[in-house]
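In: how would this look folded up:
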Amino acid sequence: MTTQQANTKQIWHWLELVPDPEIPVISVVDLGIIRDVEWKGDVLEIIITPTYSGCPAMAVIAADIRAELVKQGVNKLSLKTQIAPAWTTDWLSDKGRARLEEYGIAPPRQAGTPQHCPLCKSTSVEKISQFGSTPCKALWRCTSCLEPFDYFKCI
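Out: Presented below is the predicted three-dimensional model:
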């Protein structure tokens, strides 16, 4: 398949192969940071919204997207960062939320607290720190199994 023949549905499929570098079980598509994919002549333009404006993983994400698409035969590529509207955890896909929990990270909830421990499913949880392993996560602990876990904060 040449890049001229690759439709946007195929491009989205290829982007689903690109993992988030901080949480490798979730793709950049399921994370919700890919805002648009469009051919502009013979150049593929991809719009990316970072999870927050100072996200240190954006350079790695852009390089990984570029590498995957070049591997698929897309050689003319424009990656653009769009910060408005700001990314929100509402943009996470249902598949992404499920993958977070399977990985041991409690997915975000509008209530601002985890529904349950992602490891044992107990609802007896407590916040240890508002700051977790990355700026978008908080550190919680299950008071039943006593294991700590990250909670993906609502943004």
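
In: Any idea how many residues pack against residue 112?
Out: By the measure other C-beta atoms under 10 Å, the count of residues near residue 112 is 11. C-betas here are computed from N, CA, C, even on glycine.

In: doesn't residue 154 make contact with it?
Out: Yes - between residue 112 and residue 154 there is a contact under C-beta atoms under 8 Å: 5.7 Å.

In: Could I get the pLDDT score of the residue nearest to residue 54 when sequence neighbours are not counted?
Out: In this structure, residue 54 finds its nearest non-sequential neighbour in residue 135, 7.9 Å apart by C-beta to C-beta, 6 or more residues apart in numbering. For residue 135, the pLDDT comes out at 80.

In: same thing with residue 3?
Out: Looking at residue 3, its pLDDT reads 42.

In: Residue numbering should commence at 25 henceforth.
Out: Okay, using 25 as the starting number, the last item reads as residue 27.

In: Export only the CA atoms of the lengthiest helix in the chain, formatted as PDB.
Out: Scanning the chain for the helix with the most residues, using DSSP state H, yields helix 82-95. This file holds the C-alpha atoms of helix 82-95, laid out as PDB (Å, rounded to 0.1, in the frame of the first residue of the first chain):
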ATOM      1  CA  MET A  82       5.800  14.600  23.700                       C
ATOM      2  CA  ALA A  83       9.200  14.500  21.900                       C
ATOM      3  CA  VAL A  84       9.200  10.700  22.300                       C
ATOM      4  CA  ILE A  85       5.600  10.400  21.200                       C
ATOM      5  CA  ALA A  86       6.300  12.400  18.100                       C
ATOM      6  CA  ALA A  87       9.400  10.300  17.300                       C
ATOM      7  CA  ASP A  88       7.500   7.100  17.800                       C
ATOM      8  CA  ILE A  89       4.600   8.200  15.600                       C
ATOM      9  CA  ARG A  90       7.000   9.300  12.900                       C
ATOM     10  CA  ALA A  91       8.900   5.900  13.100                       C
ATOM     11  CA  GLU A  92       5.700   3.800  12.900                       C
ATOM     12  CA  LEU A  93       4.300   5.800   9.900                       C
ATOM     13  CA  VAL A  94       7.600   5.800   8.100                       C
ATOM     14  CA  LYS A  95       7.700   2.000   8.600                       C
END
